[in-house]
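*Asks:* task: produce atomic coordinates for the following.
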Amino acid sequence: MEYVTKCGERGSLESLLPSGLSKPALIGYLRSCPVVLAARTLLPDQYDPKAEDIPLAYLTDGEFVWSAETREYVNRYDFGLPEHFLRHVLTYRQTNGDEPRRVPKDLKDAALRSIN
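*Replies:* Numbers count the residues shown, from 1 in each chain. Model prediction:
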């Protein structure tokens, strides 16, 4: 299971998105995948010291795992993600549209083990 985190600089997302994948579609995908670990804790936003509203959670699509923090930084500040992950999301959406990703329990368990 590969852990995905933000990369590049603020504002770099648009230049990394493959043709056919919009930011709203990417964020929708990052939000719709199953949560494998969550806490009631909210994390501070590293780029806005007044905000402490980022969920402490991890999500997976069965091949990759990412934090809600990564998702929020992509959404709020347009940080990039690895190109192979963006192509992975595009391929899924081309085949399945907005259909939420279904992840078997054994892959959710693998995702959980990968973040511990």
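
*Asks:* can you name the element that comes right after the longest helix anywhere in the chain?
*Replies:* For the chain, the longest helix by residue count, based on DSSP state H, is helix 83-96. As assigned by DSSP states H and E, the chain's next helix or strand after helix 83-96 is helix 105-115.

*Asks:* so Ala38 makes contact with Ala57?
*Replies:* Yes - at 4.0 Å, Ala38 counts as touching Ala57 under the criterion of Cβ atoms under 8 Å. C-beta: built from backbone N, CA, C; applies to glycine.

*Asks:* neighbour count: those two, which is higher?
*Replies:* Ranked by neighbour count (other Cβ atoms under 10 Å), Ala38 and Ala57 place Ala57 first, with 17 against 12.

*Asks:* enumerate every residue touching that one.
*Replies:* Val35, Leu37, Ala38, Ala39, Ser67, Ala68 (Cβ atoms under 8 Å, 6 or more residues apart in numbering).

*Asks:* direction included, what does the helix or strand where it lies pair up with?
*Replies:* Per DSSP H and E: Ala57 is located in strand 54-60. With DSSP bridges as the test, strand 54-60 is paired with strand 35-43 (antiparallel), strand 64-67 (antiparallel).
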